[in-house]
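[1] Using only what follows, build the 3D model:
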Amino acid sequence: MTSIDFTKKSIVFVTGASRGIGRSIALEISRKLDQQSIMVLLARSKAGLAETKAQIAEVDKSITVQTYCIDFSNPKADDYEQIFNQVLSSVDTKDIQYGIIFHNAGHVGTVKKTSDLTDLVAWREHFDINFFSLVLLNSVFIKQIQSMASQLCIINISSYAGKGPLANLAMYGSGKAAREIFFKVLSIEEPNIFVINYSPGPVDTDMFNTIVNTAQSDEVKKSFKEIKDTSVLTPPVTVNKMLDILEKGDFKTGDSIDYYDR
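    Modelled structure (predicted):
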């Protein structure tokens, strides 16, 4: 079993926490966490992070919430280590049961046909944001938190686009596929760390709307618009499904689970 008991003292990191799914993760998990827990929110938008922190305070003022403005398009391990050092020197790390990180931050990239994806600068920036920053941050998380938490839990917010081909989403899907295999390898190298890839389904976020508005193909625009009008999920709905899966623990470390699988 790989279940997480959120009622135990935890330190929780959420990337991309200033809006969308990341904000919902921070908010919904704050309803469950032990009051001595620590939450660390990372994103580029200072105002967005402040709003997420304010919403958490409305749920539970006793949880320690720290926010850090960070631009994942310029990944540096030293910057991430500095953040972790600041966090760990300013909070009570005694009796932490769970160290949890939600790798949610990401960018949809250029929504065009593969033969038109020739801008190397755009490719490199996409992989900096979606993959290389995650690799470095995840390494710092494991090295810094492993010694103080009884259990480490790593949750990668994945996507169907990283598992099956979707027209105009080669850039986005490539980044998500890289993340997926990265965490599957981690799960066999570190069997004592809980690792899960969670695909949230089609969710009403700025990223989803970017596809609706900027896809090169009219067919892609139309199909995503139809989903938006009929069956798109809200961030709280998919986040609560994910938290329910994590609490039940009916998965093996390294598994990939889609919203519609449960």
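
[2] Return the distance of the residue nearest to residue 27 when sequence neighbours are not counted relative to residue 25.
    What sits nearest to residue 27 in space, not counting adjacent residues and going by Cβ to Cβ, 6 or more residues apart in numbering, is residue 55, at 5.5 Å. C-beta: built from backbone N, CA, C; applies to glycine. Distance from residue 55 to residue 25, counting by Cβ to Cβ, to the nearest Å: 12 Å.

[3] Between those two, tell me which one has more neighbours.
    Neighbour count, other Cβ atoms under 10 Å: between residue 55 and residue 25, residue 25 has more, with 29 against 14.

[4] quick one: that one and residue 240 touch, right?
    No. Counting by Cβ atoms under 8 Å, residue 25 stays clear of residue 240, with 10.0 Å between them.

[5] Give the ranges of residues in the protein that sit below the confidence cut-off.
    The chain contains residues with pLDDT under 70 at 1.

[6] Let's check: the centremost residue of it is which one?
    By Cα atoms, centre = their mean, the chain has its centre lying nearest to residue 104, at 1.7 Å.

[7] Who are the packing partners of the longest helix seen in the chain?
    Taking DSSP state H as the criterion, the chain has its longest helix at helix 170-189. On a contact count with 3 or more Cβ pairs under 8 Å, 6 or more residues apart in numbering; DSSP states H and E, helix 170-189 meets helix 120-127, helix 133-145, strand 151-157, strand 194-199.

[8] Excluding covalently adjacent residues, which one is nearest to residue 136?
    With Cβ to Cβ, 6+ apart, the residue lying closest to residue 136 is residue 77, at 4.6 Å.

[9] Would you agree that neighbour is in contact with residue 134?
    No. Applying Cβ under 8 Å as the test, residue 77 and residue 134 come out as separate, 12.0 Å apart.

[10] So between the two, which is more surrounded?
    residue 134 (26 against 14).

[11] Distance check, the more buried one against residue 164.
    21 Å.

[12] same check, this time on residue 255
    Per Cβ to Cβ, residue 255 is found 17 Å from residue 164.

[13] who has more neighbours, the two?
    Legend: neighbour count by other Cβ under 10 Å for residue 255 and residue 164, higher for residue 255 (17 against 10).

[14] wait, the more buried one sits on residue 199?
    No. Applying Cβ under 8 Å as the test, residue 255 and residue 199 come out as separate, 11.2 Å apart.

[15] circling back: report the set of residues contacting both of residue 25 and residue 240.
    Between them, residue 25 and residue 240 share no contacting residue under Cβ atoms under 8 Å, 6 or more residues apart in numbering.

[16] returning to what we had before: the residue nearest to residue 27 is in what secondary structure piece?
    Using DSSP states H and E, residue 55 sits within helix 46-59.

[17] Any buried residues in that helix, and which?
    48-49, 52-53, 56 (16 or more other Cβ atoms under 10 Å).

[18] Equivalent analysis for stretch 145-164, please.
    Buried, per 16+ other Cβ under 10 Å, within stretch 145-164: 145, 149, 151-163.

[19] same question, stretch 226-236
    Across stretch 226-236, burial judged by 16+ other Cβ under 10 Å covers 227, 232-233, 235.

[20] Any chance of the backbone angles for the residue nearest to residue 241 when sequence neighbours are not counted?
    Setting aside the residues directly before and after it, residue 241 is nearest to residue 259 in space (Cβ to Cβ, 6+ apart), at 5.7 Å. Dihedral pair for residue 259: phi -50, psi -40, per degrees, to the nearest 10.

[21] Any figure for the gap between residue 259 and residue 19?
    19 Å.

[22] nearest residue to residue 213 other than its sequence neighbours?
    residue 221 (7.7 Å).

[23] Which strands and helices lie in contact with the helix or strand hosting the one you found?
    When elements are assigned from DSSP H and E, residue 221 belongs to helix 218-230. Applying 3+ Cβ pairs under 8 Å, 6+ apart, one finds that helix 218-230 makes contact with helix 206-214.
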